[in-house]
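# sequence and predicted structure are below.
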Number of protein chains: 2
Amino acid sequence: MAVQPNAAREPRLPLTRERVLRAAVELADTRGIDSLTMRNLGQELGVEAMSLYNHVANKQAVLDGIVEVVVGEVIAAVDEIEPLSDTAGWKDVMRARILAAREVLLRHRWAPDVLESRTDLPPSLVPYYDSVLGLMREAGFSLDLAHHAMHALGTRTLGFTRELFVTQDKDVEPEVAAVMLQQMAGRFPHLTELMRVVSHDAGSTLGSGCDDQFEFEFGLDLILDGLERLRAGAWSLPSGS
Amino acid sequence: MAVQPNAAREPRLPLTRERVLRAAVELADTRGIDSLTMRNLGQELGVEAMSLYNHVANKQAVLDGIVEVVVGEVIAAVDEIEPLSDTAGWKDVMRARILAAREVLLRHRWAPDVLESRTDLPPSLVPYYDSVLGLMREAGFSLDLAHHAMHALGTRTLGFTRELFVTQDKDVEPEVAAVMLQQMAGRFPHLTELMRVVSHDAGSTLGSGCDDQFEFEFGLDLILDGLERLRAGAWSLPSGS
DNA sequence: ACCTGAACACCGTTCAAGT
DNA sequence: ACCTGAACACCGTTCAAGT
(Lines give C-alpha, C1' and ligand atoms only; values in the text may rest on other atoms or scores of the structure.)
Protein backbone atom coordinates (compact mmCIF):
# COMPACT_ATOMS: atom_id res chain seq x y z
CA MET A 1 0.00 0.00 0.00
CA ALA A 2 2.74 2.44 0.95
CA VAL A 3 4.79 1.56 -2.09
CA GLN A 4 5.84 4.52 -4.22
CA PRO A 5 6.24 2.95 -7.64
CA ASN A 6 7.70 6.02 -9.28
CA ALA A 7 10.27 6.80 -6.59
CA ALA A 8 13.18 5.58 -8.71
CA ARG A 9 12.27 7.62 -11.76
CA GLU A 10 14.83 10.13 -12.92
CA PRO A 11 13.61 13.60 -12.07
CA ARG A 12 11.56 14.63 -15.08
CA LEU A 13 12.52 18.14 -16.12
CA PRO A 14 9.46 20.34 -16.01
CA LEU A 15 7.38 21.08 -19.06
CA THR A 16 7.75 24.60 -20.39
CA ARG A 17 6.56 26.46 -23.43
CA GLU A 18 10.12 26.27 -24.76
CA ARG A 19 10.34 22.50 -24.39
CA VAL A 20 6.92 22.07 -26.00
CA LEU A 21 7.91 24.17 -29.01
CA ARG A 22 11.29 22.50 -29.41
CA ALA A 23 9.61 19.10 -29.37
CA ALA A 24 7.03 20.34 -31.88
CA VAL A 25 9.73 21.51 -34.30
CA GLU A 26 11.55 18.21 -33.88
CA LEU A 27 8.35 16.28 -34.52
CA ALA A 28 7.49 18.27 -37.63
CA ASP A 29 11.05 17.95 -38.94
CA THR A 30 11.26 14.21 -38.53
CA ARG A 31 7.74 12.95 -39.06
CA GLY A 32 6.10 15.72 -41.07
CA ILE A 33 3.67 18.49 -40.18
CA ASP A 34 0.67 16.16 -40.39
CA SER A 35 2.13 14.13 -37.53
CA LEU A 36 2.19 17.21 -35.35
CA THR A 37 -0.93 16.50 -33.31
CA MET A 38 -1.48 17.38 -29.69
CA ARG A 39 -1.59 13.72 -28.79
CA ASN A 40 1.64 12.88 -30.63
CA LEU A 41 3.32 15.92 -29.18
CA GLY A 42 2.31 14.93 -25.67
CA GLN A 43 3.58 11.42 -26.23
CA GLU A 44 6.93 12.77 -27.44
CA LEU A 45 7.21 14.64 -24.14
CA GLY A 46 6.04 11.73 -22.01
CA VAL A 47 2.86 13.48 -21.00
CA GLU A 48 -0.84 13.44 -21.81
CA ALA A 49 -2.00 15.72 -24.62
CA MET A 50 -4.09 17.74 -22.22
CA SER A 51 -1.06 18.74 -20.17
CA LEU A 52 0.18 20.80 -23.09
CA TYR A 53 -2.66 23.23 -22.56
CA ASN A 54 -0.97 24.42 -19.41
CA HIS A 55 1.81 25.89 -21.53
CA VAL A 56 0.21 26.79 -24.85
CA ALA A 57 -3.26 28.16 -25.43
CA ASN A 58 -4.15 25.73 -28.22
CA LYS A 59 -2.78 24.12 -31.34
CA GLN A 60 -2.70 27.39 -33.27
CA ALA A 61 -0.39 28.73 -30.56
CA VAL A 62 1.89 25.75 -31.17
CA LEU A 63 1.97 26.54 -34.89
CA ASP A 64 2.62 30.21 -34.18
CA GLY A 65 5.36 29.15 -31.80
CA ILE A 66 7.23 26.90 -34.19
CA VAL A 67 7.07 29.62 -36.83
CA GLU A 68 8.73 31.88 -34.28
CA VAL A 69 11.44 29.29 -33.74
CA VAL A 70 12.19 29.06 -37.47
CA VAL A 71 12.11 32.81 -37.95
CA GLY A 72 14.51 33.08 -35.05
CA GLU A 73 16.90 30.74 -36.81
CA VAL A 74 16.51 32.72 -40.04
CA ILE A 75 17.33 35.98 -38.29
CA ALA A 76 20.34 34.41 -36.62
CA ALA A 77 21.61 33.09 -39.96
CA VAL A 78 20.98 36.34 -41.78
CA ASP A 79 22.78 38.34 -39.08
CA GLU A 80 25.97 36.49 -40.01
CA ILE A 81 25.95 38.06 -43.48
CA GLU A 82 28.26 41.01 -43.93
CA PRO A 83 26.46 44.32 -44.29
CA LEU A 84 26.47 46.79 -47.15
CA SER A 85 29.98 48.09 -47.86
CA ASP A 86 32.20 49.38 -50.64
CA THR A 87 32.94 45.86 -51.81
CA ALA A 88 29.49 44.36 -51.20
CA GLY A 89 26.64 46.00 -53.12
CA TRP A 90 23.01 45.68 -52.04
CA LYS A 91 22.40 42.89 -54.53
CA ASP A 92 25.26 40.84 -53.09
CA VAL A 93 24.06 41.39 -49.56
CA MET A 94 20.42 40.67 -50.35
CA ARG A 95 21.38 37.57 -52.30
CA ALA A 96 23.60 36.23 -49.51
CA ARG A 97 20.93 36.93 -46.90
CA ILE A 98 18.20 35.20 -48.84
CA LEU A 99 20.37 32.18 -49.55
CA ALA A 100 21.21 32.00 -45.83
CA ALA A 101 17.50 32.07 -45.04
CA ARG A 102 16.95 29.34 -47.60
CA GLU A 103 19.37 27.04 -45.81
CA VAL A 104 17.32 27.36 -42.65
CA LEU A 105 14.06 26.74 -44.47
CA LEU A 106 15.49 23.61 -46.08
CA ARG A 107 15.97 22.18 -42.60
CA HIS A 108 12.28 22.75 -41.89
CA ARG A 109 10.39 21.68 -44.98
CA TRP A 110 7.04 22.20 -43.28
CA ALA A 111 7.74 25.89 -42.63
CA PRO A 112 6.35 27.25 -45.94
CA ASP A 113 3.09 25.39 -45.36
CA VAL A 114 2.66 26.74 -41.86
CA LEU A 115 3.75 30.24 -42.80
CA GLU A 116 1.32 30.42 -45.70
CA SER A 117 -1.54 29.07 -43.61
CA ARG A 118 -1.31 32.20 -41.48
CA THR A 119 -3.34 35.21 -42.50
CA ASP A 120 -1.43 37.82 -40.54
CA LEU A 121 2.25 38.62 -40.36
CA PRO A 122 4.13 36.67 -37.68
CA PRO A 123 5.37 39.26 -35.18
CA SER A 124 8.87 37.86 -35.26
CA LEU A 125 9.09 38.83 -38.93
CA VAL A 126 8.64 42.52 -38.19
CA PRO A 127 12.31 43.15 -37.35
CA TYR A 128 13.36 40.98 -40.27
CA TYR A 129 11.33 42.92 -42.81
CA ASP A 130 12.49 46.17 -41.31
CA SER A 131 16.08 45.18 -41.96
CA VAL A 132 15.31 44.03 -45.52
CA LEU A 133 13.65 47.36 -46.20
CA GLY A 134 16.54 49.15 -44.51
CA LEU A 135 19.03 47.48 -46.82
CA MET A 136 17.19 48.74 -49.88
CA ARG A 137 16.72 52.23 -48.52
CA GLU A 138 20.43 52.44 -47.72
CA ALA A 139 21.12 51.41 -51.31
CA GLY A 140 19.12 54.33 -52.61
CA PHE A 141 15.72 52.75 -53.27
CA SER A 142 12.82 55.14 -53.12
CA LEU A 143 10.24 54.14 -50.54
CA ASP A 144 7.81 53.25 -53.32
CA LEU A 145 10.26 51.07 -55.17
CA ALA A 146 11.35 49.36 -51.96
CA HIS A 147 7.70 48.66 -51.20
CA HIS A 148 7.04 47.03 -54.56
CA ALA A 149 10.33 45.18 -54.34
CA MET A 150 9.16 43.56 -51.11
CA HIS A 151 6.01 42.34 -52.82
CA ALA A 152 7.90 41.20 -55.91
CA LEU A 153 10.31 39.16 -53.81
CA GLY A 154 7.40 37.81 -51.79
CA THR A 155 8.24 34.64 -49.93
CA ARG A 156 11.68 34.65 -51.55
CA THR A 157 12.81 37.12 -48.88
CA LEU A 158 12.45 34.20 -46.51
CA GLY A 159 14.33 31.83 -48.75
CA PHE A 160 11.60 29.81 -50.39
CA THR A 161 9.28 29.83 -53.31
CA ARG A 162 6.62 27.43 -54.51
CA GLU A 163 7.29 25.46 -57.65
CA LEU A 164 3.98 23.65 -58.17
CA PHE A 165 5.59 20.65 -59.86
CA VAL A 166 8.40 19.43 -57.65
CA THR A 167 7.30 15.91 -58.34
CA GLN A 168 9.76 13.22 -57.39
CA ASP A 169 8.56 10.28 -59.44
CA LYS A 170 11.22 7.92 -58.24
CA ASP A 171 8.89 4.97 -58.22
CA VAL A 172 8.40 5.06 -61.97
CA GLU A 173 10.37 2.37 -63.76
CA PRO A 174 12.67 3.76 -66.48
CA GLU A 175 11.03 1.56 -69.13
CA VAL A 176 7.56 2.71 -68.10
CA ALA A 177 8.70 6.31 -68.16
CA ALA A 178 10.09 5.85 -71.65
CA VAL A 179 6.76 4.51 -72.88
CA MET A 180 4.92 7.40 -71.23
CA LEU A 181 7.21 9.89 -72.91
CA GLN A 182 6.59 8.19 -76.23
CA GLN A 183 2.84 8.45 -75.79
CA MET A 184 3.01 12.08 -74.71
CA ALA A 185 5.29 13.17 -77.50
CA GLY A 186 2.48 13.50 -80.00
CA ARG A 187 0.12 15.54 -77.88
CA PHE A 188 2.59 17.51 -75.78
CA PRO A 189 5.71 17.98 -77.87
CA HIS A 190 7.31 20.82 -75.90
CA LEU A 191 6.87 19.26 -72.50
CA THR A 192 8.15 15.94 -73.78
CA GLU A 193 11.19 17.56 -75.30
CA LEU A 194 11.88 19.31 -72.01
CA MET A 195 11.48 16.18 -69.91
CA ARG A 196 13.81 14.26 -72.15
CA VAL A 197 16.57 16.79 -71.62
CA VAL A 198 15.98 17.21 -67.90
CA SER A 199 15.79 13.52 -67.15
CA HIS A 200 18.90 12.92 -69.23
CA ASP A 201 20.81 15.54 -67.30
CA ALA A 202 20.23 14.04 -63.91
CA GLY A 203 19.83 10.38 -64.76
CA SER A 204 16.31 10.74 -63.47
CA THR A 205 12.99 9.88 -65.02
CA LEU A 206 10.03 12.20 -64.92
CA GLY A 207 9.65 15.73 -63.67
CA SER A 208 12.38 15.46 -61.12
CA GLY A 209 15.99 15.95 -62.03
CA CYS A 210 15.78 19.72 -61.76
CA ASP A 211 18.42 21.44 -59.71
CA ASP A 212 16.38 23.23 -57.05
CA GLN A 213 19.23 25.40 -55.90
CA PHE A 214 20.03 26.52 -59.42
CA GLU A 215 16.42 27.32 -60.21
CA PHE A 216 16.01 29.26 -56.98
CA GLU A 217 19.08 31.37 -57.67
CA PHE A 218 18.08 31.86 -61.30
CA GLY A 219 14.70 33.26 -60.33
CA LEU A 220 16.16 35.31 -57.52
CA ASP A 221 18.79 36.91 -59.75
CA LEU A 222 16.15 37.69 -62.35
CA ILE A 223 14.25 39.71 -59.78
CA LEU A 224 17.29 41.32 -58.16
CA ASP A 225 18.71 42.36 -61.53
CA GLY A 226 15.38 43.82 -62.54
CA LEU A 227 15.12 45.76 -59.30
CA GLU A 228 18.66 47.11 -59.64
CA ARG A 229 17.83 48.34 -63.12
CA LEU A 230 14.80 50.18 -61.78
CA ARG A 231 16.77 51.59 -58.86
CA ALA A 232 19.58 52.84 -61.09
CA GLY A 233 17.02 54.37 -63.45
CA ALA A 234 15.41 56.27 -60.58
CA TRP A 235 12.15 54.48 -61.19
CA SER A 236 8.94 56.20 -60.27
CA LEU A 237 5.39 54.97 -60.49
CA PRO A 238 3.86 55.21 -63.97
CA SER A 239 0.48 56.32 -62.64
CA GLY A 240 -1.08 56.79 -59.21
CA SER A 241 -0.44 54.43 -56.31
CA MET B 1 -48.68 0.97 -43.50
CA ALA B 2 -48.96 1.26 -47.26
CA VAL B 3 -48.26 4.99 -47.16
CA GLN B 4 -45.40 6.17 -49.34
CA PRO B 5 -44.24 9.30 -47.55
CA ASN B 6 -41.81 10.34 -50.27
CA ALA B 7 -44.16 9.85 -53.21
CA ALA B 8 -44.69 13.57 -53.72
CA ARG B 9 -40.98 14.41 -53.77
CA GLU B 10 -39.65 16.00 -56.92
CA PRO B 11 -37.58 13.49 -58.82
CA ARG B 12 -34.10 13.84 -57.39
CA LEU B 13 -31.56 14.03 -60.19
CA PRO B 14 -29.02 11.30 -59.77
CA LEU B 15 -25.70 11.85 -58.07
CA THR B 16 -22.74 11.88 -60.42
CA ARG B 17 -19.06 12.64 -60.11
CA GLU B 18 -19.74 15.89 -61.95
CA ARG B 19 -22.46 17.00 -59.55
CA VAL B 20 -20.31 16.09 -56.55
CA LEU B 21 -17.38 18.14 -57.85
CA ARG B 22 -19.53 21.12 -58.80
CA ALA B 23 -21.03 21.13 -55.31
CA ALA B 24 -17.57 20.83 -53.81
CA VAL B 25 -16.30 23.85 -55.73
CA GLU B 26 -19.40 25.80 -54.74
CA LEU B 27 -18.93 24.84 -51.10
CA ALA B 28 -15.26 25.81 -51.08
CA ASP B 29 -16.01 29.10 -52.84
CA THR B 30 -18.75 30.16 -50.47
CA ARG B 31 -17.78 28.70 -47.11
CA GLY B 32 -14.05 28.15 -47.44
CA ILE B 33 -11.92 25.10 -48.00
CA ASP B 34 -12.06 24.08 -44.34
CA SER B 35 -15.82 23.68 -44.66
CA LEU B 36 -15.34 21.18 -47.46
CA THR B 37 -15.89 18.00 -45.47
CA MET B 38 -17.49 14.84 -46.73
CA ARG B 39 -20.38 15.33 -44.33
CA ASN B 40 -20.99 18.96 -45.37
CA LEU B 41 -20.69 18.02 -49.01
CA GLY B 42 -23.23 15.24 -48.63
CA GLN B 43 -25.60 17.59 -46.84
CA GLU B 44 -25.27 20.12 -49.66
CA LEU B 45 -26.39 17.39 -52.06
CA GLY B 46 -29.17 16.10 -49.83
CA VAL B 47 -27.45 12.81 -49.24
CA GLU B 48 -25.46 11.02 -46.54
CA ALA B 49 -21.71 11.52 -46.60
CA MET B 50 -21.15 7.85 -47.30
CA SER B 51 -23.07 8.01 -50.55
CA LEU B 52 -20.35 10.17 -52.02
CA TYR B 53 -18.00 7.21 -51.98
CA ASN B 54 -20.03 5.69 -54.81
CA HIS B 55 -18.79 8.45 -57.09
CA VAL B 56 -15.40 9.47 -55.75
CA ALA B 57 -12.75 7.22 -54.27
CA ASN B 58 -12.09 9.38 -51.20
CA LYS B 59 -11.60 12.96 -50.13
CA GLN B 60 -8.29 13.30 -51.93
CA ALA B 61 -10.14 12.43 -55.13
CA VAL B 62 -12.54 15.28 -54.39
CA LEU B 63 -9.61 17.67 -53.97
CA ASP B 64 -8.01 16.40 -57.16
CA GLY B 65 -11.36 16.82 -58.89
CA ILE B 66 -11.95 20.42 -57.87
CA VAL B 67 -8.41 21.28 -58.96
CA GLU B 68 -9.32 19.81 -62.33
CA VAL B 69 -12.41 22.01 -62.46
CA VAL B 70 -10.38 25.15 -61.76
CA VAL B 71 -7.64 24.22 -64.20
CA GLY B 72 -10.34 23.62 -66.79
CA GLU B 73 -11.62 27.15 -66.23
CA VAL B 74 -8.07 28.50 -66.48
CA ILE B 75 -7.48 26.73 -69.77
CA ALA B 76 -10.79 28.00 -71.14
CA ALA B 77 -9.92 31.57 -70.13
CA VAL B 78 -6.39 31.37 -71.49
CA ASP B 79 -7.63 29.97 -74.80
CA GLU B 80 -9.44 33.25 -75.37
CA ILE B 81 -6.16 35.15 -75.50
CA GLU B 82 -4.90 35.96 -78.98
CA PRO B 83 -1.82 33.98 -79.98
CA LEU B 84 1.62 35.18 -80.95
CA SER B 85 1.51 37.47 -83.98
CA ASP B 86 3.28 40.40 -85.59
CA THR B 87 1.53 42.83 -83.30
CA ALA B 88 1.55 40.72 -80.14
CA GLY B 89 5.00 39.71 -78.88
CA TRP B 90 5.53 36.75 -76.54
CA LYS B 91 5.63 39.02 -73.51
CA ASP B 92 2.25 40.50 -74.36
CA VAL B 93 0.73 37.09 -74.92
CA MET B 94 2.24 35.57 -71.78
CA ARG B 95 1.18 38.56 -69.73
CA ALA B 96 -2.40 38.47 -71.02
CA ARG B 97 -2.61 34.72 -70.45
CA ILE B 98 -1.35 34.91 -66.91
CA LEU B 99 -3.67 37.77 -66.04
CA ALA B 100 -6.57 35.78 -67.49
CA ALA B 101 -5.57 32.84 -65.31
CA ARG B 102 -5.41 35.17 -62.33
CA GLU B 103 -9.01 36.22 -62.81
CA VAL B 104 -10.07 32.59 -62.54
CA LEU B 105 -7.96 31.99 -59.45
CA LEU B 106 -9.46 35.06 -57.78
CA ARG B 107 -12.86 33.41 -58.05
CA HIS B 108 -11.51 30.37 -56.21
CA ARG B 109 -9.39 31.67 -53.35
CA TRP B 110 -8.84 28.18 -51.97
CA ALA B 111 -7.20 26.96 -55.19
CA PRO B 112 -3.61 27.95 -54.32
CA ASP B 113 -3.87 26.08 -51.03
CA VAL B 114 -5.16 22.92 -52.64
CA LEU B 115 -2.74 23.13 -55.55
CA GLU B 116 0.23 23.54 -53.27
CA SER B 117 -0.84 20.72 -51.00
CA ARG B 118 -0.37 18.33 -53.92
CA THR B 119 3.03 16.77 -54.40
CA ASP B 120 2.64 15.77 -58.04
CA LEU B 121 1.56 17.72 -61.07
CA PRO B 122 -2.20 17.68 -61.68
CA PRO B 123 -2.68 15.87 -65.01
CA SER B 124 -4.92 18.63 -66.32
CA LEU B 125 -1.96 21.01 -66.14
CA VAL B 126 0.08 18.99 -68.61
CA PRO B 127 -1.53 20.52 -71.72
CA TYR B 128 -1.40 23.95 -70.10
CA TYR B 129 2.31 23.78 -69.42
CA ASP B 130 2.92 22.41 -72.87
CA SER B 131 1.31 25.48 -74.38
CA VAL B 132 3.23 27.84 -72.08
CA LEU B 133 6.46 26.17 -73.13
CA GLY B 134 5.34 26.24 -76.74
CA LEU B 135 4.80 29.98 -76.59
CA MET B 136 8.35 30.54 -75.43
CA ARG B 137 9.86 28.13 -77.93
CA GLU B 138 7.97 29.88 -80.74
CA ALA B 139 9.42 33.14 -79.51
CA GLY B 140 12.93 31.83 -79.87
CA PHE B 141 13.71 30.65 -76.33
CA SER B 142 16.31 27.92 -76.11
CA LEU B 143 15.00 24.80 -74.42
CA ASP B 144 17.24 25.50 -71.43
CA LEU B 145 16.08 29.06 -71.01
CA ALA B 146 12.44 28.07 -71.41
CA HIS B 147 12.96 25.45 -68.72
CA HIS B 148 14.41 27.90 -66.24
CA ALA B 149 11.77 30.45 -67.19
CA MET B 150 9.06 27.99 -66.15
CA HIS B 151 10.68 27.59 -62.75
CA ALA B 152 11.23 31.33 -62.36
CA LEU B 153 7.60 32.06 -63.12
CA GLY B 154 6.55 29.25 -60.79
CA THR B 155 2.98 29.52 -59.63
CA ARG B 156 2.68 32.83 -61.48
CA THR B 157 2.04 30.88 -64.69
CA LEU B 158 -1.24 29.94 -63.06
CA GLY B 159 -2.02 33.47 -62.04
CA PHE B 160 -1.13 33.55 -58.37
CA THR B 161 1.74 34.13 -56.04
CA ARG B 162 2.05 34.04 -52.26
CA GLU B 163 2.63 37.30 -50.48
CA LEU B 164 3.14 36.17 -46.88
CA PHE B 165 1.72 39.36 -45.41
CA VAL B 166 -1.65 40.00 -47.01
CA THR B 167 -2.99 40.95 -43.63
CA GLN B 168 -6.30 42.77 -43.63
CA ASP B 169 -6.34 44.33 -40.19
CA LYS B 170 -9.67 45.99 -40.64
CA ASP B 171 -10.64 45.46 -37.02
CA VAL B 172 -7.91 47.76 -35.72
CA GLU B 173 -9.22 51.14 -34.66
CA PRO B 174 -7.47 54.05 -36.38
CA GLU B 175 -6.44 55.57 -33.05
CA VAL B 176 -5.02 52.27 -31.85
CA ALA B 177 -3.13 51.86 -35.12
CA ALA B 178 -1.68 55.35 -34.75
CA VAL B 179 -0.38 54.52 -31.28
CA MET B 180 1.10 51.25 -32.54
CA LEU B 181 2.87 53.07 -35.34
CA GLN B 182 4.22 55.56 -32.84
CA GLN B 183 5.61 52.77 -30.65
CA MET B 184 7.12 50.94 -33.61
CA ALA B 185 8.76 54.00 -35.12
CA GLY B 186 11.76 53.80 -32.83
CA ARG B 187 12.59 50.15 -33.28
CA PHE B 188 11.46 49.61 -36.87
CA PRO B 189 11.90 52.91 -38.67
CA HIS B 190 11.74 51.61 -42.26
CA LEU B 191 8.67 49.48 -41.80
CA THR B 192 6.92 52.27 -39.97
CA GLU B 193 7.74 54.74 -42.72
CA LEU B 194 6.39 52.30 -45.29
CA MET B 195 3.20 51.60 -43.39
CA ARG B 196 2.54 55.28 -42.99
CA VAL B 197 2.70 55.83 -46.74
CA VAL B 198 0.74 52.72 -47.65
CA SER B 199 -2.02 53.32 -45.14
CA HIS B 200 -2.25 56.94 -46.23
CA ASP B 201 -2.64 55.91 -49.86
CA ALA B 202 -5.62 53.69 -49.33
CA GLY B 203 -7.19 55.27 -46.27
CA SER B 204 -6.43 51.99 -44.54
CA THR B 205 -4.63 51.23 -41.31
CA LEU B 206 -2.06 48.49 -41.03
CA GLY B 207 -0.57 46.18 -43.61
CA SER B 208 -3.49 46.30 -45.94
CA GLY B 209 -3.96 49.08 -48.41
CA CYS B 210 -1.66 47.48 -50.95
CA ASP B 211 -2.98 47.15 -54.46
CA ASP B 212 -2.80 43.41 -55.09
CA GLN B 213 -3.32 43.72 -58.82
CA PHE B 214 -0.58 46.31 -59.16
CA GLU B 215 1.88 44.29 -57.12
CA PHE B 216 1.13 41.15 -59.08
CA GLU B 217 1.71 42.89 -62.40
CA PHE B 218 4.83 44.62 -61.09
CA GLY B 219 6.42 41.33 -60.10
CA LEU B 220 5.28 39.63 -63.28
CA ASP B 221 6.71 42.33 -65.51
CA LEU B 222 9.98 42.23 -63.61
CA ILE B 223 10.33 38.54 -64.47
CA LEU B 224 9.06 38.82 -68.04
CA ASP B 225 11.40 41.74 -68.79
CA GLY B 226 14.32 39.83 -67.34
CA LEU B 227 13.51 36.77 -69.41
CA GLU B 228 13.18 38.81 -72.59
CA ARG B 229 16.59 40.32 -71.97
CA LEU B 230 18.09 36.86 -71.60
CA ARG B 231 16.30 35.59 -74.69
CA ALA B 232 17.43 38.54 -76.81
CA GLY B 233 20.98 38.05 -75.54
CA ALA B 234 20.96 34.38 -76.59
CA TRP B 235 21.53 33.33 -73.01
CA SER B 236 23.28 30.06 -72.35
CA LEU B 237 24.04 28.31 -69.10
CA PRO B 238 27.11 29.63 -67.29
CA SER B 239 28.23 26.15 -66.23
CA GLY B 240 26.84 22.64 -66.36
CA SER B 241 23.13 21.90 -66.05
C1' DA C 1 -26.48 -0.27 -58.51
C1' DC C 2 -26.90 2.98 -55.24
C1' DC C 3 -27.85 4.67 -50.53
C1' DT C 4 -27.90 4.20 -45.37
C1' DG C 5 -26.78 3.58 -40.30
C1' DA C 6 -23.65 2.17 -37.11
C1' DA C 7 -19.11 1.83 -36.02
C1' DC C 8 -13.96 2.66 -35.93
C1' DA C 9 -9.87 5.26 -35.42
C1' DC C 10 -8.52 9.47 -35.36
C1' DC C 11 -8.72 14.96 -34.42
C1' DG C 12 -8.80 19.46 -31.00
C1' DT C 13 -10.64 20.80 -26.86
C1' DT C 14 -13.51 21.18 -22.16
C1' DC C 15 -14.05 20.11 -17.67
C1' DA C 16 -14.12 18.10 -13.27
C1' DA C 17 -11.14 15.53 -10.66
C1' DG C 18 -6.91 14.31 -8.80
C1' DT C 19 -1.91 15.38 -6.57
C1' DA D 1 0.28 24.81 -10.00
C1' DC D 2 0.37 21.20 -12.86
C1' DC D 3 -1.29 16.78 -14.71
C1' DT D 4 -4.97 13.32 -15.77
C1' DG D 5 -9.14 10.66 -17.47
C1' DA D 6 -13.42 10.88 -19.38
C1' DA D 7 -16.17 13.10 -22.46
C1' DC D 8 -17.76 16.05 -26.47
C1' DA D 9 -18.08 17.42 -31.13
C1' DC D 10 -15.96 16.88 -34.97
C1' DC D 11 -13.02 14.31 -38.96
C1' DG D 12 -12.37 10.41 -42.98
C1' DT D 13 -13.53 5.90 -43.86
C1' DT D 14 -15.26 0.68 -43.53
C1' DC D 15 -18.69 -2.46 -43.67
C1' DA D 16 -22.85 -4.91 -43.38
C1' DA D 17 -27.40 -4.01 -44.27
C1' DG D 18 -31.10 -2.22 -46.74
C1' DT D 19 -33.82 -0.95 -51.39
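Nice, thanks for sending it over. Residues are numbered from 1 along each chain as shown, chains lettered A, B, ... in the order given.
# roughly how far does the residue nearest the centre of chain A sit from residue B:55?
Geometric centre of chain A, nearest residue: residue A:105, 3.9 Å, by C-alpha atoms, centre = their mean. Noted for residue A:105: a distance of 40 Å to residue B:55, by C-beta to C-beta, to the nearest Å. For the C-beta atoms, the positions are set from N, CA and C on the backbone; glycine is no exception.
# what about stretch A:105-115, near DNA strand C?
No: for a cut-off given as C-beta under 7 Å from any atom of the strand, stretch A:105-115 has no contacts with DNA strand C; the smallest distance is 12.9 Å.
# continuing past the helix or strand harbouring residue A:93, what's the next helix or strand?
Using DSSP states H and E, residue A:93 maps to helix A:90-107. Sequence-wise, the next helix or strand downstream of helix A:90-107 (DSSP H and E) is helix A:111-117.
# what residues are up against residue A:32?
Residues near residue A:32 by C-beta atoms under 8 Å, 6 or more residues apart in numbering or on different chains: residue A:110.
# name the surrounding residues that touch the helix holding residue A:93.
A:29, A:70, A:73-74, A:77-78, A:80-84, A:111-112, A:132, A:135-136, A:138-139, A:153, A:156-160, A:216-217, A:220-221, A:224-225, A:228.
# chain A: helices as residue ranges?
Applying DSSP state H to chain A gives helices spanning A:17-31, A:38-44, A:59-79, A:90-107, A:111-117, A:125-138, A:143-153, A:174-187, A:189-202, A:212-232.
# what residue ranges in chain A score low on pLDDT?
A:1-12, A:166-174, A:200-208, A:234, A:236-241 (pLDDT under 70).
# can we see that at 50?
A:1-11, A:204-206, A:240-241 (pLDDT under 50).
# could you break it into its assigned domains?
A:14-56, A:67-160+A:178-235 (automatic domain parsing).
# a markdown table please, covering those and showing distance to residue B:209.
Output for the domains of chain A, formatted as a markdown table (distance: least, C-beta to C-beta, whole Å):
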| stretch | distance to residue B:209 |
| --- | --- |
| domain A:14-56 | 32 |
| domain A:67-160+A:178-235 | 11 |
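# ok, which of these comes nearest DNA strand D?
domain A:14-56 (3.5 Å; C-beta to the nearest atom of the strand).
# is the closest one positioned near DNA strand D?
Yes: using C-beta under 7 Å from any atom of the strand, domain A:14-56 reaches DNA strand D at A:14-15, A:42, A:47-48, A:50-51, A:53-55.
# how close does residue A:19 get to chain B?
According to C-beta to the nearest C-beta, to the nearest Å, residue A:19 and chain B sit 28 Å apart.
# what's around that residue, how many residues?
By the other C-beta atoms under 10 Å in any protein chain shown criterion, the neighbourhood of residue A:19 contains 13 residues.
# isn't it up against residue A:25?
No: if you go by C-beta atoms under 8 Å, residue A:19 and residue A:25 don't touch, sitting 11.0 Å apart.
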